[in-house]
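Enquirer: Would you be able to build a 3D model of this:
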Amino acid sequence: MADRRTIAGIGSISLALAVLAPLAACSSGRDEAAGPHRIDAGPLVHLSAEGKVDPSKPVTVTAVAGSRLTDVTVVDPDGRVVAGKLADDQHSWQTTGRLRANTAYAVRISADDGRNGRGDTTQNFSTLAAQRLLTAKLGPDSSGSGVYGVGQPLTAQLSEAVKDPQARQEVERALTVTSQPAVTGAWYWVDDKNLHFRPEDYWPTGTTVSLAFDGTGSRISDGLYGGDRSALKLRIGARVESVIDAAAHELTLKRDGVTVRTIPVTTGKPGFDTRNGIKVVLGQERSVRMSGETIGIAAGSSESYDLDVKWATRVTWSGEYVHAAPWSVGSQGYENVSHGCTGMSTDNAEWFYDNTRVGDLVTVVNSRGATMEPFGNGFGDWNIDWTDWVKHSALGQPLSTTVPPGQAPAAGMMRPEV
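Expert: Take a look at the predicted model:
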């Protein structure tokens, strides 16, 4: 028989263990609940940027030995975030997005010291000012009514020539076109300093359009950065198309596809044939002085003229107009006797003037003249096939002018169509 004292002793030990076991479990739980402790992450990280830095070079953040980065965010004063990449080992981070020139940046860093300590720090750096800045003069000038015809191209004239293909892509990325309704369009590099934008088809009636160059501080090429922002807004009016048939000696004006009036006209006579093709109204003048000397006709010759012309609607920079020509009323509708312009009676010219605006389409057909050149003498943009047009974009593809969510359309200041 076992000794009662032995049994009692064993029982006492078992009871003691039973009491201690829960206490040990509770002790372990308190350690886990404590979790990571907060620290100052400043001593754990190193920012490569000191003082003013070259905006063309990447900025890096590294963690000291034994530590790791958990998050890095670089933002400019406007809250725009610079893209970056964290290394797989979380020991370093580097900017992958472009930095802007002459800009102050805040770097928000989160790090772990490897000993259950975690914290944050914010550090700062600035970029050097650019030596050369690229700006863009945008068109058309919408300081007036801001309403244009469906054929109006958008233009950007750069302050410096840009030849490098990659730099041209940066310029196109800095140019933003948005519209409601959205259209498919593309930029065309006319030369090293001038770009035109047009939709694949004419602008829809009532479209509101915004154009902006916003490359401020962005690197375009070595030593060249985007300058001040520029922007404009405009609205597209009714679809007004005038077709001048040089063989039939008549002009037909349509508004939104409906014929409004057919007018007898005279166009360029042999040797002064009116250009064929699609043109865009450039401007209008109630009265303009026209002289044959401006197109190379010698004063005093049999072809010379010097006239005060009324109700003149310009379609080329070299001097082709649709205008009043009371001296040729007898020929209008029958033969071509002008020096290249389209002439009509004074009453008809005034009516045409009143029913046409900048950006409207004027197409000449069946003339013996050459086709309107695409650039340099007005807007012959619509004479270029769409496929060929897109090929002259640095990005090599069309874009959609969709308005980003939350952005207001460019309509506020435009007067209603009448």
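
Enquirer: ok, which stretches of the protein are helices?
Expert: All helices of the chain, identified by DSSP state H, fall at 4-34, 165-174, 346-354, 386-391.

Enquirer: Pick out the shakiest of the ones you listed, pLDDT-wise.
Expert: Ranked by mean pLDDT, the helices of the chain bottom out at helix 4-34, with a mean of 44.

Enquirer: which residues touch residue 196?
Expert: 153-155, 187-188, 190, 375, 379, 381 (CB atoms under 8 Å, 6 or more residues apart in numbering). Where you see a C-beta, it was placed from the backbone N, CA and C, and this is true even at glycine.

Enquirer: Give the closest residue to residue 42 in space, chain neighbours not counted.
Expert: Excluding its sequence neighbours, the residue lying closest to residue 42 (CB to CB, 6 or more residues apart in numbering) is residue 121, at 4.3 Å.

Enquirer: got it, and residue 67?
Expert: residue 44 (4.4 Å).

Enquirer: I'd guessed the one you found sits against residue 114; true?
Expert: No: Residue 44 is beyond contact range of residue 114, at 9.2 Å (criterion: CB atoms under 8 Å).

Enquirer: Comparing the two, which residue is more hemmed in?
Expert: Shown here are residue 44 and residue 114; by other CB atoms under 10 Å, residue 44 has more neighbours (25 against 13).

Enquirer: So for that one, what's the pLDDT?
Expert: Confidence score, pLDDT, at residue 44: 95.

Enquirer: From residue 106, how far off is it?
Expert: 18 Å (CB to CB, to the nearest Å).

Enquirer: which residues in the stretch 1-150 of the chain form strands?
Expert: 37-40, 45-47, 52-53, 60-63, 68-75, 81-82, 84-86, 92-95, 104-112, 117-127, 132-134, 136-139, 147-148 (DSSP state E, counting those that start in this stretch).

Enquirer: Could you do the stretch 151-300 of the chain as well?
Expert: Using DSSP E, counting those that start in this stretch, the strands found in the stretch 151-300 of the chain span residues 154-158, 175-180, 184-189, 194-199, 208-213, 219-221, 224-226, 230-236, 240-245, 250-255, 258-264, 277-280, 283-291.

Enquirer: Contacts only, for residue 192.
Expert: Under the criterion of CB under 8 Å, 6+ apart, the neighbours of residue 192 are 158, 161-163.

Enquirer: roughly how far apart are the residue nearest to residue 67 and residue 84?
Expert: Counting by CB to CB - residue 44 and residue 84 are separated by 18 Å.

Enquirer: same question, residue 253
Expert: From residue 253 across to residue 84, the span is 58 Å (CB to CB).

Enquirer: More neighbours: which of the two?
Expert: Neighbour totals were compared for residue 253 and residue 84, and residue 253 leads with 21 against 18 (other CB under 10 Å).

Enquirer: got any ranges where the stretch 301-418 of the chain has weak pLDDT?
Expert: Applying pLDDT under 70 to the stretch 301-418 of the chain flags the ranges 302-306, 405-418.
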